[in-house]
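S.K.: pasting a predicted model and its sequence here:
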Amino acid sequence: MSERYLSVVQVAEILGTTARFPRRLIEERRITYVKVGRHVRIPESAVREYIAANTVAPRRRDRMAVAA
């Protein structure tokens, strides 16, 4: 079990948000989490997956539109 488990505060730091945002992700079940007693931990892989799934690639400009 080499997976690293992060606290809500650590996830918030990675995402650059307040702790409220990861808590909302947990409440809405939009990210995988583990309950350890009364503590909540988020696998580091789940954070990477969340970032990858919500990354928006830039649009490529159409050459025809540039020439016009």
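M.R.: Perfect, I can see it now. Numbers count the residues shown, from 1 in each chain.

S.K.: tell me the pLDDT at Val66?
M.R.: What the model reports as pLDDT for Val66 is 61.

S.K.: same question for stretch 17-29, mean pLDDT?
M.R.: On average, stretch 17-29 scores 98.

S.K.: so which bits of it are buried?
M.R.: With burial defined by 16 or more other Cβ atoms under 10 Å, the residues of stretch 17-29 counted as buried are 22, 25-26. All C-beta spots, glycine's among them, are computed from the backbone N, C-alpha and C.

S.K.: alpha carbons of the single longest strand found in the chain, as CSV, please.
M.R.: Across the chain, the longest stretch assigned as strand under DSSP state E is strand 39-43. Extracted C-alpha coordinates of strand 39-43, given in CSV (Å, rounded to 0.1, in the frame of the first residue of the first chain):
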residue,chain,number,x,y,z
HIS,A,39,-11.0,11.7,9.5
VAL,A,40,-11.3,12.0,5.7
ARG,A,41,-8.4,11.2,3.5
ILE,A,42,-8.1,11.6,-0.3
PRO,A,43,-5.8,9.4,-2.3
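
S.K.: all helices for this protein, in order.
M.R.: 8-15, 20-27, 44-53, 63-67 (DSSP state H).

S.K.: closest one to Ser2 among the ones you listed?
M.R.: Ser2 lies closest, by Cβ to Cβ, to one member of the helices of the chain: helix 44-53, at 10.2 Å.

S.K.: summarise which helices and strands the closest one is packed against.
M.R.: For helix 44-53, the elements it packs on are strand 5-6, helix 8-15, judged by 3 or more Cβ pairs under 8 Å, 6 or more residues apart in numbering; DSSP states H and E.

S.K.: buried residues, it. List them.
M.R.: So for helix 44-53, counting by 16+ other Cβ under 10 Å, buried means 46-47, 50.

S.K.: just to revisit the earlier point, now render the helices of the chain as a markdown table, adding distance to Ser2.
M.R.: Converted to a markdown table, the helices of the chain look like this (distance: least, Cβ to Cβ, whole Å):
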| stretch | distance to Ser2 |
| --- | --- |
| helix 8-15 | 17 |
| helix 20-27 | 22 |
| helix 44-53 | 10 |
| helix 63-67 | 47 |
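
S.K.: quick one: which of the ones you listed is nearest Val34?
M.R.: helix 44-53 (9.2 Å).
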